[in-house]
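Visitor: I would like to see how this sequence folds:
(one chain, ligands or ions: 1)
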Amino acid sequence: MKEYGEPCEKFKDYYPVNLEQVKEKFGGLRFYYNGGDDHVAGLVDMAEEMSYKICERCGNPGKPNKVGWIRTLCDKCMLRDTL
Ligand SMILES: [Zn+2]
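Guide: Okay, the predicted model is just below:
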């Protein structure tokens with residue numbers, strides 16, 4: 001049994017990442033984490049950026065709405081919410 005955080009043999013060249021928290025901010029995601037390397041930082045940046053462009057309900061292309069609690073939705077899901 002391996003200790004939590006200890007990299008397994010296959011990924012021993014990778015730095016462990018400890019995800020503290022994921023929050024929703026202005027319709028997108030914010031990752032709070034420790035560790036990792038430039039590759040991990042790049043992936044997190046990409047995921048945060050994409051979270052502003054993908055509908056949080058169905059995965060289709062979407063955008064943050066402008067009113068009320070900001071959510072990132074596609075046109076179809078946005079319309080469904082306002083009916
Ligand atoms: Zn949608």
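Visitor: what is the neighbour count of Ser51?
Guide: Neighbouring residues of Ser51 were enumerated by other Cβ atoms under 10 Å; the total is 20. Bear in mind the C-beta positions are built from the backbone N, C-alpha and C, glycine included.
Visitor: what's near enough to touch it?
Guide: Shown here is Ser51, whose contacts under the criterion Cβ atoms under 8 Å, 6 or more residues apart in numbering are 28-29, 72.
Visitor: recalculate using a threshold of 6 Å.
Guide: The neighbourhood of Ser51, defined by Cβ atoms under 6 Å, 6 or more residues apart in numbering, consists of 28-29.
Visitor: does whichever strand or helix holds Lys76 reach the ion?
Guide: Here Lys76 sits within helix 75-82, counting by DSSP states H and E. Yes - applying Cβ under 5 Å from the ion, one finds helix 75-82 touching the ion at Cys77.
Visitor: okay, that helix in CSV with CA atoms only?
Guide: Presented in CSV, the C-alpha positions along helix 75-82 are these (Å, rounded to 0.1, in the frame of the first residue of the first chain):
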residue,chain,number,x,y,z
ASP,A,75,-28.1,29.5,-25.2
LYS,A,76,-30.4,26.5,-24.9
CYS,A,77,-29.8,26.0,-21.2
MET,A,78,-29.9,29.7,-20.6
LEU,A,79,-33.3,29.9,-22.3
ARG,A,80,-34.6,26.9,-20.3
ASP,A,81,-33.6,28.7,-17.1
THR,A,82,-35.5,31.8,-17.9
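Visitor: doesn't Glu48 fall inside a helix?
Guide: Yes - residue state for Glu48 (DSSP: H, G, I helix; E, B strand; the rest coil) corresponds to a helix.
Visitor: neighbours of it, just the number please.
Guide: Around Glu48 there are 15 residues (other Cβ under 10 Å).
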